[in-house]
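1. with the input below, show me the fold.
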Amino acid sequence: MSHDTTRAPQWPGYAEVHRVTTLLRRESVGGMLLVLAAIGAVVWANSPASEAYFALRDLRFGYAPWHLELSVGSWAADGLLAVFFFLVGLELKREIVVGSLRRLGTAIVPVTAAFAGVAVPALLYAAIVHAQPSLLAGWAIPTATDIAFAVAVLALVGSHLPGPLRIFLLTLAVVDDLIAIAIIAVFYTSDIALVPLAVFAVLVVVYGVIAHRGRAWFARTSWGAWVVLLPIGFAAWAFLHASGVHATIAGVALAFTIPVAASRRQPEVRGMDLAEQFEHRFRPLSAGIAVPLFAFFAAGVSVGGGEGLLRAVTDPVTLGVVAGLVLGKPLGILLGVRLLTLVTKVRLDPALKWIDLAGVGLLAGIGFTVSLLIAELSFPDGSPHTDDAKIAIMVASLLASILASSLLLLRNRRYKQLALAEKVDADGDDVPDVYQRPRPEAG
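-> Numbers count the residues shown, from 1 in each chain. Have a look, this model is predicted:
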């Protein structure tokens, strides 16, 4: 399906802009920008010019009467990351309405894996820091999976992996994001102001009504959403921020109002999926600007030399986060799926092997974006545990990506060999003895 029903305008420089946005829609490119932004932040924050980095991150601007006088870092975490969560919300809604979450029988395995993959890291973290009850506030840090980063790694190493494995990872990561959103809304929200919250709810309804009534126009005009929906969405975000609820939730709430399936009352636009079109249009903004900028301002921590590094390594928060992401995630996912298959009649897709699920479980330990956000919400401003948690997230995400890539590359090579064997068999050429025997299982 074409994502845009209009003829692309050919202004000067259009070809270059089109080429860049096409690149930014690639999962691997988005993941690479995320990593580069985080590395740049860490290098700058620990360089002789570190004061300039922290001065820029802490620079405040905005309109104070509307509770919008925020630091640059807060604008990135509360504002820009709402764009990322808008994309997550679009993907969530599409999965629920027309995707893998539509049927319980299809969704139950990755959904169970996602819940177990949240519970086990949280319990492991709590077990490690239990001697210091004040550190339990960070229990949710190792529960999140960075969907963009994880899918990017899978895209780089999994050219021949089974299709159901990618669907499993996508569904697991989407549900994981939904759980993370719920955790932020419930556990990291206090002192709710009801009037701004009520205004937010009204604006979301208005936003949704306009999106549904004008779906054909928004699909035809690439600028329509910027002129009409963006101001309403920003106002909704601002009122949610003023209410005390973490403002990134606004992105998900607004995304859930975007129509997925074409309206039966508009047969002329049947087959038009506005959520898919919006996801296609706005993904470059999220992958190329919003998420890298958030990572740049969130990942910059000053290690403080050898002494600071020693403190970070021995901090129970660091140990809990690394253990939760690298060990707890894959352990929880495998245990959750195993228990489900033992106590119910649900069975794994025949194309999926347990060793492949282990690789996906390791990938789920990449908790970058949402974990960094939760780390900032878990401890008081200026707490050294916040920086230690961020260091742990980056170390754990690196370890998880290396371990997952190593395992999945081996599995990819195995599936590639099997695909080659099947192709040789199908061509009717002379087949070595090893291929004349019954094809072994991939596992």
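
2. and the gap between the most centrally placed residue in the chain and Ala421?
-> What sits nearest the mean C-alpha location of the chain, by Cα atoms, centre = their mean, is Ile147, with 3.3 Å. According to Cβ to Cβ, to the nearest Å, Ile147 stands 33 Å off from Ala421. No exception for glycine: its C-beta is placed from N, CA and C like everyone else's.

3. okay, the residue nearest to the centre of the chain: pLDDT?
-> According to the prediction, Ile147 has pLDDT 75.

4. got the contact list for the residue nearest to it when sequence neighbours are not counted?
-> Nearest residue to Ile147 in three dimensions, chain neighbours excluded: Ala173, at 3.9 Å (Cβ to Cβ, 6 or more residues apart in numbering). If you count contacts by Cβ atoms under 8 Å, 6 or more residues apart in numbering, Ala173 has them with 114, 145, 147, 150-151, 364.

5. also Ile258?
-> Contacts for Ile258 (Cβ under 8 Å, 6+ apart) come out as 90, 93, 208, 211, 274-275, 278.

6. closest to Val343 among the residues you listed?
-> Lys93 (30.6 Å; Cβ to Cβ).

7. isn't the closest one up against Pro259?
-> No: judged on Cβ atoms under 8 Å, Lys93 makes no contact with Pro259 at a distance of 9.1 Å.

8. find the residues that touch each one of the two.
-> Ala275.

9. how close does Leu56 get to Arg414?
-> 48 Å.

10. export the contacts of Ala173 to a markdown table and tack on secondary structure and distance to Asp381?
-> Below are those laid out as a markdown table (DSSP: H, G, I helix; E, B strand; the rest coil; distance: Cβ to Cβ, whole Å):
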| residue | secondary structure | distance to Asp381 |
| --- | --- | --- |
| Ala114 | helix | 31 |
| Thr145 | coil | 26 |
| Ile147 | helix | 28 |
| Ala150 | helix | 30 |
| Val151 | helix | 33 |
| Ala364 | coil | 30 |
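
11. now for these, which pair is the farthest apart?
-> Checked with Cβ to Cβ, these reach their widest spread between Ala114 and Val151, with 14.6 Å between them.

12. higher neighbour count, the two?
-> Between Ala114 and Val151, Ala114 has the larger neighbour count (other Cβ atoms under 10 Å), namely 26 against 22.

13. what's the helix or strand for the closest residue to the more buried one other than its chain neighbours?
-> Distances taken as Cβ to Cβ, 6+ apart place Val175 nearest to Ala114, at 3.8 Å, with adjacent residues excluded. Taking DSSP states H and E as the criterion, Val175 maps to helix 163-187.

14. follow-up on the earlier one: who's in contact with the residue nearest to Ala114?
-> Val175 makes contact with 101, 110-111, 114-115, according to Cβ under 8 Å, 6+ apart.

15. now Ile402
-> So Ile402 contacts nothing (Cβ under 8 Å, 6+ apart).

16. so it lies in a helix, does it not?
-> Yes: with DSSP: H, G, I helix; E, B strand; the rest coil as the criterion, Ile402 is located in a helix.

17. local confidence estimate at it?
-> Model confidence at Ile402, given as pLDDT, is 91.

18. so how far is Ile333 from it?
-> Taken as Cβ to Cβ, the span from Ile402 to Ile333 is 18 Å.

19. try Ser243
-> Counting by Cβ to Cβ, the gap from Ser243 to Ile333 is 35 Å.

20. what do you get for Tyr188?
-> Going from Tyr188 to Ile333 by Cβ to Cβ gives 24 Å.

21. these two: which is more packed in?
-> It is Ile333, of Tyr188 and Ile333, that has more neighbours when counted by other Cβ under 10 Å, with 31 against 16.

22. check contacts around the more buried one.
-> Ile333 makes contacts with 113-114, 116-117, 172, 357, 360-361, 364, as judged by Cβ under 8 Å, 6+ apart.

23. can you check Leu33 too?
-> 24, 287-288, 291-292.

24. follow-up on the earlier one: now, the contacts of Ile258 that are in helices?
-> Residues of the contacts of Ile258 located in helices (DSSP state H): 90, 93, 208, 211, 274-275, 278.

25. any chance of those residues in CSV, with neighbour count, pLDDT and distance to Arg311 too?
-> As requested, these are exported to CSV (neighbours: other Cβ atoms under 10 Å; pLDDT from 0 to 100; distance: Cβ to Cβ, whole Å):
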residue, neighbour count, pLDDT, distance to Arg311
Leu90, 26, 87, 41
Lys93, 21, 85, 44
Gly208, 18, 95, 48
Ala211, 21, 93, 50
Leu274, 23, 87, 50
Ala275, 24, 86, 46
Phe278, 22, 89, 45
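
26. wait, which of those residues is closest to Pro48?
-> Of the ones in helices among the contacts of Ile258, the one sitting nearest to Pro48 (Cβ to Cβ) turns out to be Leu90, at 42.8 Å.

27. contacts for the helix or strand harbouring Asp356, please.
-> Here Asp356 sits within helix 354-363, counting by DSSP H and E. Helix 354-363 is contacted by residues 113, 117, 145, 150, 153-154, 161-162, 165, 168-169, 172, 326, 329-334, 337, 348, 400-401, 403-404, 407-408, 411, 442-443 when judged by Cβ under 8 Å, 6+ apart.
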